[in-house]
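A.B. asks: Here is my input; please provide its structure:
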Amino acid sequence: MSFRVNMIVITGVLLTTLVTISTGAVAKQSFFENVRYLVNSDSDKQTLDIYGPEKRPDGAPVLIYVHGGGWQLGDKKNNAIRGSVYYTDKGAIVVSVNYRLSPDVKHPAHIEDLASAVKWIYQNIHTYGGDRSKMILTGHSSGAQMVALLGTNTRFLKEKDLPMNIFKAIVPVDTASFDLVNLPEGRGSFMIERMRENAFGSDPEVLLDASPFHQVPPEETALSPFAIFATGKRPEAVQQGTNLAQALREKGHQAVSTEMDSSLSHMDMNIAIFKPDTQISNFILRTLELGPETQNQ
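C.D. replies: Residues are numbered from 1 along each chain as shown. Have a look, this model is predicted:
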């Protein structure tokens, strides 16, 4: 499925987005662009976009999306988010988050921005028709590391006076960066090491602090459930997802990891978050109680 998006927007003001789907059908969305989640910031990297049904919903579930790009590249308006109409057509709200990028900043700036964005969403999404008790947090690639870290390292949500089990699910998609201390070997390892250095440096304590695998708290701390997805084309991502899910379960938390078809590329996995009838989108719909009842294998 492909999309053509025609947008008429004013920053922070509601107007209508027309999305032309490859079938020829036209869907309408409400759209709020470049909403600042930190009032004292003028950076476009500390903004978010909100997509919703054409008519303001009441108590709509919310999908929060964090883009990838090696903590150095990317934007909340990437190709995948064009598929947000798949969820808004079903009555959900989709929020796409920007955050500051390296090398201008290093950890913990990225995750602090995400925590600030989540606090803003938690406090304000009701004014857009959303229900903060029905939120899923998902991210792709380095965005997957970020959402997993927010869901394991208790420091960042605690600093915002938010509970760790704030989400109905956390859905990290296709990353090999859950353990930044012990990087995977093989194809792509040099690239991951270089991105790690740019975004986190080399201090072992910092790398531990930024590694979801090493930050899983004991079961006395209630976490949001995890559903981790990786393509079989990237065995290093599959292994790190498996390891994180096991670490979560061993400490009494709910977690599953899924290896998807090896024909899917890393970028295909990003699209699969918003593409109809994938294992990822089916899980999200089911968790947000929008259907389907069974997951397509």
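A.B. asks: Report the contact partners of residue 223.
C.D. replies: Residues in contact with residue 223, defined by C-beta atoms under 8 Å, 6 or more residues apart in numbering, are 151-152, 164-165, 217, 248, 253-254. For glycine as for every other residue, the C-beta is placed from the backbone atoms N, C-alpha and C.
A.B. asks: Tell me the most packed of the residues you listed, by neighbour count.
C.D. replies: Ranked by the number of neighbours (other C-beta atoms under 10 Å), the contacts of residue 223 place residue 151 first, at 29 neighbours.
A.B. asks: Okay, and the nearest residue to that one once chain neighbours are set aside sits in which element?
C.D. replies: Take residue 151 and drop its neighbours on the chain: the residue closest to it by C-beta to C-beta, 6 or more residues apart in numbering is residue 170, 4.3 Å away. Element membership for residue 170 (DSSP states H and E) is strand 169-173.
A.B. asks: What of residue 96?
C.D. replies: Counting by DSSP H and E, residue 96 is found in strand 93-97.
A.B. asks: Parallel or antiparallel, list what pairs with that strand.
C.D. replies: Neighbouring strands of strand 93-97 in its sheet, by DSSP bridges, are strand 47-53 (antiparallel), strand 60-66 (parallel).
A.B. asks: what sits against the residue nearest to residue 151?
C.D. replies: Contacts of residue 170 by C-beta under 8 Å, 6+ apart are 136-138, 147-148, 150-151, 224-227.
A.B. asks: Which residue ranges of the stretch 101-250 of the chain form helices?
C.D. replies: 109-124, 142-150, 154-159, 189-200, 204-209, 235-250 (DSSP state H, counting those that start in this stretch).
A.B. asks: Let's see the pLDDT reported for residue 32.
C.D. replies: We have a pLDDT of 96 for residue 32.
A.B. asks: Repeat that for residue 4.
C.D. replies: Looking at residue 4, the pLDDT reads 40.
A.B. asks: One more: residue 153?
C.D. replies: Confidence score, pLDDT, at residue 153: 98.
A.B. asks: The one 3 residues further on now?
C.D. replies: As predicted, residue 156 sits at a pLDDT of 98.
A.B. asks: Okay, it and residue 146: tell me how far apart.
C.D. replies: 10 Å (C-beta to C-beta, to the nearest Å).
A.B. asks: what about those two, which has more around it?
C.D. replies: residue 146 (30 against 21).
A.B. asks: Pull the contacting residues for that one.
C.D. replies: 66, 99, 110-111, 114, 139 are the contacts of residue 146 under C-beta under 8 Å, 6+ apart.
A.B. asks: Neighbours of residue 206, how many?
C.D. replies: Residue 206: 15 neighbours (other C-beta under 10 Å).
A.B. asks: wait, isn't it in contact with residue 197?
C.D. replies: No. Residue 206 lies out of contact with residue 197 (C-beta atoms under 8 Å); the separation is 11.2 Å.
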